[in-house]
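>>> need a 3D model of the sequence below.
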Amino acid sequence: MIGLIGLLLAVVGLAGGIIFPLLIPGIGFAAWIFVVLSLAGLIVSVIARKKSTKKGAGTAGIVIAIVGIVVSVIMAIACSSAKVAVDYVEKQNAELIEEVESALENVDTSKLEEGVKDVMDQLEAQTEAATE
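Numbers count the residues shown, from 1 in each chain. Have a look, this model is predicted:
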(Lines give C-alpha, C1' and ligand atoms only; values in the text may rest on other atoms or scores of the structure.)
Protein backbone atom coordinates (compact mmCIF):
# COMPACT_ATOMS: atom_id res chain seq x y z
CA MET A 1 0.00 0.00 0.00
CA ILE A 2 2.78 2.45 0.86
CA GLY A 3 4.42 1.64 -2.46
CA LEU A 4 1.28 2.78 -4.28
CA ILE A 5 1.26 6.03 -2.32
CA GLY A 6 4.88 6.69 -3.31
CA LEU A 7 4.06 5.81 -6.92
CA LEU A 8 1.04 8.12 -6.88
CA LEU A 9 3.08 11.02 -5.47
CA ALA A 10 5.75 10.43 -8.12
CA VAL A 11 3.23 10.34 -10.97
CA VAL A 12 1.51 13.53 -9.76
CA GLY A 13 4.90 15.22 -9.42
CA LEU A 14 5.96 14.18 -12.92
CA ALA A 15 2.66 15.01 -14.62
CA GLY A 16 2.25 18.29 -12.78
CA GLY A 17 5.84 19.30 -13.45
CA ILE A 18 5.25 18.91 -17.17
CA ILE A 19 1.67 20.09 -17.58
CA PHE A 20 1.24 22.91 -15.07
CA PRO A 21 4.01 25.23 -16.35
CA LEU A 22 2.78 24.72 -19.92
CA LEU A 23 -0.84 25.48 -19.07
CA ILE A 24 -0.03 28.55 -17.00
CA PRO A 25 3.13 30.08 -18.45
CA GLY A 26 4.86 32.81 -16.57
CA ILE A 27 4.69 31.19 -13.17
CA GLY A 28 7.48 28.67 -13.52
CA PHE A 29 8.13 28.82 -9.79
CA ALA A 30 4.99 26.71 -9.37
CA ALA A 31 6.87 23.78 -10.94
CA TRP A 32 8.96 23.69 -7.76
CA ILE A 33 5.85 22.41 -5.97
CA PHE A 34 5.98 19.35 -8.19
CA VAL A 35 9.67 18.89 -7.45
CA VAL A 36 8.69 18.62 -3.80
CA LEU A 37 5.91 16.15 -4.64
CA SER A 38 8.31 14.04 -6.69
CA LEU A 39 10.84 14.16 -3.87
CA ALA A 40 8.15 13.02 -1.41
CA GLY A 41 7.25 10.24 -3.84
CA LEU A 42 10.90 9.20 -3.98
CA ILE A 43 11.22 9.09 -0.20
CA VAL A 44 7.99 7.14 0.26
CA SER A 45 8.91 4.74 -2.55
CA VAL A 46 12.35 4.06 -1.05
CA ILE A 47 10.74 3.35 2.32
CA ALA A 48 8.15 1.09 0.65
CA ARG A 49 10.84 -0.81 -1.24
CA LYS A 50 12.78 -1.45 1.96
CA LYS A 51 9.78 -2.52 4.06
CA SER A 52 7.64 -4.44 1.57
CA THR A 53 8.09 -7.85 0.07
CA LYS A 54 6.41 -6.64 -3.12
CA LYS A 55 8.94 -4.24 -4.57
CA GLY A 56 7.32 -3.43 -7.96
CA ALA A 57 5.36 -0.33 -6.96
CA GLY A 58 8.28 0.94 -4.90
CA THR A 59 10.70 0.52 -7.78
CA ALA A 60 8.31 2.17 -10.24
CA GLY A 61 7.80 5.02 -7.77
CA ILE A 62 11.55 5.53 -7.45
CA VAL A 63 12.09 5.64 -11.21
CA ILE A 64 9.14 7.92 -11.91
CA ALA A 65 10.05 10.19 -8.97
CA ILE A 66 13.61 10.63 -10.24
CA VAL A 67 12.32 11.45 -13.72
CA GLY A 68 9.74 13.78 -12.17
CA ILE A 69 12.38 15.63 -10.18
CA VAL A 70 14.58 16.12 -13.23
CA VAL A 71 11.75 17.18 -15.54
CA SER A 72 10.17 19.49 -12.96
CA VAL A 73 13.50 21.22 -12.27
CA ILE A 74 14.10 21.69 -15.99
CA MET A 75 10.58 23.07 -16.51
CA ALA A 76 10.87 25.39 -13.51
CA ILE A 77 14.18 26.78 -14.71
CA ALA A 78 13.01 27.09 -18.32
CA CYS A 79 9.76 28.84 -17.42
CA SER A 80 11.47 31.16 -14.96
CA SER A 81 14.14 32.03 -17.53
CA ALA A 82 11.50 32.67 -20.18
CA LYS A 83 9.63 34.97 -17.80
CA VAL A 84 12.80 36.96 -17.15
CA ALA A 85 13.47 37.22 -20.89
CA VAL A 86 9.91 38.37 -21.64
CA ASP A 87 10.07 40.99 -18.90
CA TYR A 88 13.37 42.28 -20.29
CA VAL A 89 12.01 42.51 -23.84
CA GLU A 90 8.86 44.28 -22.62
CA LYS A 91 11.00 46.81 -20.77
CA GLN A 92 13.18 47.38 -23.83
CA ASN A 93 10.10 47.82 -26.04
CA ALA A 94 8.58 50.34 -23.64
CA GLU A 95 11.80 52.37 -23.67
CA LEU A 96 11.97 52.22 -27.47
CA ILE A 97 8.36 53.35 -27.79
CA GLU A 98 9.07 56.30 -25.50
CA GLU A 99 12.10 57.26 -27.61
CA VAL A 100 10.12 57.05 -30.86
CA GLU A 101 7.23 59.08 -29.42
CA SER A 102 9.68 61.70 -28.17
CA ALA A 103 11.38 61.85 -31.57
CA LEU A 104 8.04 62.17 -33.35
CA GLU A 105 7.09 65.13 -31.18
CA ASN A 106 10.21 66.96 -32.40
CA VAL A 107 9.70 66.28 -36.12
CA ASP A 108 9.22 69.33 -38.34
CA THR A 109 6.31 68.34 -40.58
CA SER A 110 6.45 71.45 -42.75
CA LYS A 111 9.28 70.01 -44.83
CA LEU A 112 7.38 66.74 -45.14
CA GLU A 113 4.29 68.59 -46.35
CA GLU A 114 6.37 70.48 -48.92
CA GLY A 115 7.89 67.23 -50.16
CA VAL A 116 4.49 65.58 -50.49
CA LYS A 117 3.17 68.65 -52.38
CA ASP A 118 6.15 68.51 -54.78
CA VAL A 119 5.59 64.80 -55.44
CA MET A 120 1.87 65.38 -56.04
CA ASP A 121 2.68 68.23 -58.47
CA GLN A 122 5.10 65.98 -60.35
CA LEU A 123 2.49 63.22 -60.54
CA GLU A 124 -0.12 65.66 -61.88
CA ALA A 125 2.34 66.91 -64.50
CA GLN A 126 3.17 63.35 -65.58
CA THR A 127 -0.53 62.47 -65.74
CA GLU A 128 -1.28 65.52 -67.88
CA ALA A 129 1.66 64.73 -70.16
CA ALA A 130 0.51 61.14 -70.53
CA THR A 131 -3.07 62.11 -71.40
CA GLU A 132 -2.05 64.59 -74.12
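
>>> average model confidence for the helix or strand in which V100 is found?
Element membership of V100 [criterion: DSSP states H and E] is helix 56-105. Predicted confidence along helix 56-105 averages 85 (mean pLDDT).

>>> and A82, how far is that from K51?
Separation of A82 from K51 (C-beta to C-beta, to the nearest Å): 42 Å. Heads up, the C-betas are built off the backbone N, CA and C, glycines and all.

>>> tell me who's in contact with the closest residue to I69 other than its chain neighbours.
Closest residue in space to I69, ignoring its immediate chain neighbours: S38 at 4.5 Å, by C-beta to C-beta, 6 or more residues apart in numbering. Counting by C-beta atoms under 8 Å, 6 or more residues apart in numbering, S38 touches L9, A10, G13, L14, G17, A65, I66, G68, I69, S72.

>>> for E124, see how far away S38 is.
With C-beta to C-beta as the criterion, S38 and E124 are 75 Å apart.

>>> and V63, by the same measure?
From V63 to E124 the distance is 80 Å (C-beta to C-beta).

>>> out of the two, which sits in the busier spot?
V63 (14 against 10; other C-beta atoms under 10 Å).

>>> G115 versus the more buried one, what's the distance?
In terms of C-beta to C-beta, V63 sits 72 Å off from G115.

>>> one more: E95?
Counting by C-beta to C-beta, the gap from E95 to G115 is 30 Å.

>>> one more: F20?
57 Å.

>>> looking at these two, which one has more neighbours?
For the pair F20 and G115, the greater number of neighbours falls to F20 (19 against 10), based on other C-beta under 10 Å.
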